[in-house]
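# Just a sequence and a predicted model for now, questions to come.
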Amino acid sequence: MSARHNDGSQYENHQHAAAEAYEKQDHQSGHERSRQALEHSEKAFHHTQQLHSDVVTKHETAKP
């Protein structure tokens, strides 16, 4: 016999655990998620620009 005792099926236990996890999360509005996505994309864009600039500079200084 299993040491684990379930009052319901595995599916029901999973649903219950998922619901508890969902309740513990901080819920953000769509506006806040959009604002954060824009902020992250801008940071990624600037980071990529900086990397590209560094590569171009290294390439230009490596020319004989």
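Alright, I've got the coordinates. Residues are numbered from 1 along each chain as shown.
# tell me the mean pLDDT over the longest helix along the chain?
In the chain, taking DSSP state H as the definition, the longest helix is helix 30-62. The average pLDDT within helix 30-62 is 89.
# One more: stretch 13-22?
Throughout stretch 13-22, pLDDT has a mean value of 76.
# What residues sit buried inside that stretch?
Within stretch 13-22, no residue is scored as buried using 16 or more other Cβ atoms under 10 Å. Placement of C-beta: from N, CA and C, glycine included.
# sorry, back to before: chain center to the longest helix of the chain, what's the gap?
Taking Cα atoms, centre = their mean, to the nearest Å, one finds the center of helix 30-62 at 17 Å from the center of the full chain.
# which of the residues in it are buried?
So helix 30-62, judged by 16+ other Cβ under 10 Å, has zero buried residues.
# Name the nearest residue to residue 28, ignoring sequence neighbours.
Using Cβ to Cβ, 6 or more residues apart in numbering and skipping the chain neighbours, the partner closest in space to residue 28 is residue 36 (7.7 Å).
# Quick check: that neighbour vs residue 42, distance?
Plainly put, residue 36 is 11 Å away from residue 42 if you go by Cβ to Cβ, to the nearest Å.
# between the two, what contacts are shared?
Common neighbours of residue 36 and residue 42 (criterion: Cβ atoms under 8 Å, 6 or more residues apart in numbering): none identified.
# Which residues are in contact with residue 32?
Counting by Cβ under 8 Å, 6+ apart, residue 32 has no contacts.
# measure it to residue 21 for me?
20 Å.
# Repeat that for residue 58.
Residue 58 is 47 Å from residue 21, where distance means Cβ to Cβ.
# repeat for residue 36
Plainly put, residue 36 is 21 Å away from residue 21 if you go by Cβ to Cβ.
# With residue 50 instead?
For residue 50, the distance to residue 21 - Cβ to Cβ - is 37 Å.
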